[in-house]
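Participant: Next comes the sequence, and after it the predicted model I'd like to discuss.
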Amino acid sequence: MVLQGKTAVVTGAASGIGLAIARELAAHGGAVAVADIAGDAADAAAASIVDDGGRALGVPVDVTSRSAVEKMFGKVEAELGPVDIVVNNAGISIDRGVRRISDAEWHKTIAVNQTGVFLCSQAAAASMIPRRTGRIINIASRAWLGWFGQLSYASSKGGVVSATRALAIELAKYGITVNCLAPGLVDTPLLRSEPAEVLERLLRAQPTGTLGSASDVAHAARFLASPSARAVTGQVLYVCGGKSLYAQPAG
Amino acid sequence: MSASHTGGARALVLSHGDNAVTEAVVTTLEDEGWRIVLTRGEAASAAAALTEGDRPVHAVVYIPGLLDGVVHANHDPATALLELVDSALPHLPPAAHGGARVVAVGSRDWLGWPTRVRVAAQAAALIATVRSLALAHGQRGITVNAVVGISPDAGARRDAGPALGTHLYEPAPLSGADVTAEDIAASVAFFADSRSGYITGQVLHCCGGASLLSSLSV
């Protein structure tokens, strides 16, 4: 139980990758705050972790709101203890090309994906610096390298990568590591709803020829959260089946 | 941290130096339930250390000794990794049976350093080899990744003043704490885990942030 005695906050944790990370951290002994803008879903997800024998707390939060983030950290610290691990997973994707994306769509993407990381990391740092220990894990995306129709998403995730490096440099002397995971294709119902030929084309571009799972990302998050990863900081770890190496399908 | 390979799956470890790292890797993997086959011989014949008919080999670890700062005159680490993988390939399970994890231990010198040019060149070639092998063997379920470490003496070298003949100080961990062999071994064990099968071609710097100001480190 490598995370026994540790308290973790995972944002956007009511479903998908966030939920998988919350489950993974709880399975390894962590007390986990399942934070999500959908409060009821966060409560349900936390309850399912508790049912499995873990320690978890559902907390509503809008990561774009400073007051909401501060309230969330206050509740978690009061109920679970000082926060040792923060996983900034909350994010949205609005796929629009440069000619179609609106101001509102741009600003919303930046607000959730980038400002959310800023606000939660600032709150985390305030809690971790006095104790001179901590782990911040940001969920970026392989898409930060750029892709068609993903101007706002790629830009926001690029900001997450830069924030990770800047935070890592600034917080290293306090014993706090800051890393990010950059998932590639992850098997979700949405992806499976794509036409078969689209899915086949995507798979052909994968060096492993496979899709990843939320569990793959969670496994990597657990490593970065563990005490044994104390010398790993400022890293961008791609969990993408090698696609970040560049592989373009024929046709 | 518990590995997903329980029941004594085998890991082939080839070491050409960095004895402290080698010892830590062996100990860490054994603690996680691996059975270690350690060899220090030629890469091309490394698999000869494996006993036919024994349990499958789910991990191959190569420790070239780059953290010692030694230039390998007789063999270069990139070629050795290539030969090691070729040698081990017949013993590695297919993707349907979980495939295998190949992990190489490199040095942050691959980013360049004025007084260790030859080591840097060998370290950089090792990284290019890791990435290429990842592409070559991905569909067989074989992942290939690198853990890039830093010499445990980096802090002391920095304290000693600029590198000989330059005005540049040795990069050292930003935390101020030396990176230990156990730190590097923990990252090796992470990549060796069966659950790391969707991670390949990656270069994980385990150097306390000492590489962050290099543009090549992202």
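Facilitator: Arrived safely. Just so you know, these numbers come straight off a predicted model, no measurement behind them.
Participant: What segments of chain B are strands?
Facilitator: B:10-15, B:35-39, B:57-63, B:100-107, B:142-149, B:203-205 (DSSP state E).
Participant: Make a markdown table out of the ones you listed and add mean neighbour count.
Facilitator: The C-beta positions use only the backbone N, C-alpha and C, and glycine is treated the same way. Putting the strands of chain B into a markdown table (neighbours: other C-beta atoms under 10 Å in any protein chain shown) gives the following:
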| stretch | mean neighbour count |
| --- | --- |
| strand B:10-15 | 24 |
| strand B:35-39 | 16 |
| strand B:57-63 | 27 |
| strand B:100-107 | 29 |
| strand B:142-149 | 28 |
| strand B:203-205 | 26 |
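Participant: Which of those sits closest to A:Val236?
Facilitator: Checking those against A:Val236 by C-beta to C-beta gives strand B:203-205 as the closest, at 9.7 Å.
Participant: What strands flank the closest one, and is each parallel or antiparallel?
Facilitator: Each strand that pairs with strand B:203-205, with its direction, by DSSP bridges: strand B:142-149 (parallel).
Participant: on that earlier part again, want to throw the strands of chain B into TSV with distance to A:Pro207 and mean pLDDT?
Facilitator: Output for those, formatted as TSV (distance: least, C-beta to C-beta, whole Å; pLDDT from 0 to 100):
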stretch	distance to A:Pro207	mean pLDDT
strand B:10-15	23	96
strand B:35-39	27	95
strand B:57-63	18	97
strand B:100-107	14	98
strand B:142-149	9	98
strand B:203-205	15	98
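Participant: List the buried residues for the least confident helix or strand in chain B by mean pLDDT?
Facilitator: The helix or strand of chain B with the poorest confidence is helix B:154-159; it has a mean of 90 (mean pLDDT, DSSP states H and E). Residues of helix B:154-159 classed as buried under the neighbour-count rule (16 or more other C-beta atoms under 10 Å in any protein chain shown) are B:154-155, B:157-158.
Participant: correct me, but A:Gly184 touches A:Tyr238?
Facilitator: Yes: when contacts are counted by C-beta atoms under 8 Å, A:Gly184 is listed as touching A:Tyr238 (6.7 Å).
Participant: so what's in contact with the two at the same time?
Facilitator: Residues touching both A:Gly184 and A:Tyr238 by C-beta atoms under 8 Å, 6 or more residues apart in numbering or on different chains: A:142, A:244.
Participant: What's opposite B:Val57 in the beta bridge?
Facilitator: According to DSSP bridges, the partner residues bridging B:Val57 are B:Arg10.
Participant: sorry, back to before: for the least confident helix or strand of chain B, which outside residues touch it?
Facilitator: B:151, B:163, B:169-173, B:176, B:178-179, B:207, B:210.
Participant: So how do I select the buried members of those in ChimeraX?
Facilitator: Here is the ChimeraX command that selects only those of those that count as buried (16+ other C-beta under 10 Å):
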select /B:151,163,170,171,172,173,178,179,207,210
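Participant: Distance to A:Trp106 added to the buried residues of helix B:154-159, as CSV?
Facilitator: Compiled in CSV, these are given as follows (distance: C-beta to C-beta, whole Å):
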residue, distance to A:Trp106
B:Ala154, 43
B:Gly155, 44
B:Arg157, 47
B:Arg158, 43
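Participant: residues contacting the one residue in the stretch 1-150 of chain A that gets nearest to chain B?
Facilitator: Among residues of the stretch 1-150 of chain A, the one nearest chain B by C-beta to the nearest C-beta turns out to be A:Val2. It sits 5.1 Å away. For A:Val2, the contact set (C-beta under 8 Å, 6+ apart) comprises A:28-29, A:222, A:226-228, B:1.
Participant: will you turn those into a markdown table that also has secondary structure?
Facilitator: As requested, these are exported to a markdown table (DSSP: H, G, I helix; E, B strand; the rest coil):
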| residue | secondary structure |
| --- | --- |
| A:His28 | coil |
| A:Gly29 | coil |
| A:Arg222 | helix |
| A:Ser226 | coil |
| A:Pro227 | helix |
| A:Ser228 | helix |
| B:Met1 | coil |
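Participant: Looking at these, point me to the pair that's furthest apart.
Facilitator: Among the contacts of A:Val2, the pair separated by the greatest distance (C-beta to C-beta) is A:Gly29 and A:Ser228, at 13.9 Å.
Participant: Looking at these two, which is more packed in?
Facilitator: Set side by side, A:Gly29 and A:Ser228 show more neighbours around A:Ser228, with 17 against 14, by other C-beta atoms under 10 Å in any protein chain shown.
Participant: can you pull the contacts of the more buried one?
Facilitator: Taking C-beta under 8 Å, 6+ apart as the definition of contact, the neighbours of A:Ser228 are A:2, B:1, B:182-183, B:186.
Participant: Mind doing that once more with 6 Å?
Facilitator: The contact partners of A:Ser228, taken as C-beta atoms under 6 Å, 6 or more residues apart in numbering or on different chains, are B:Ala186.
Participant: can you check the one 3 residues further on too?
Facilitator: For A:Ala231, the set of contacting residues under the criterion of C-beta under 6 Å, 6+ apart consists of B:179, B:183, B:206, B:208.
Participant: can you confirm the residue of the stretch 1-150 of chain A closest to chain B is in a strand?
Facilitator: No: note on A:Val2: no strand contains this position according to three-state DSSP, which reports coil.
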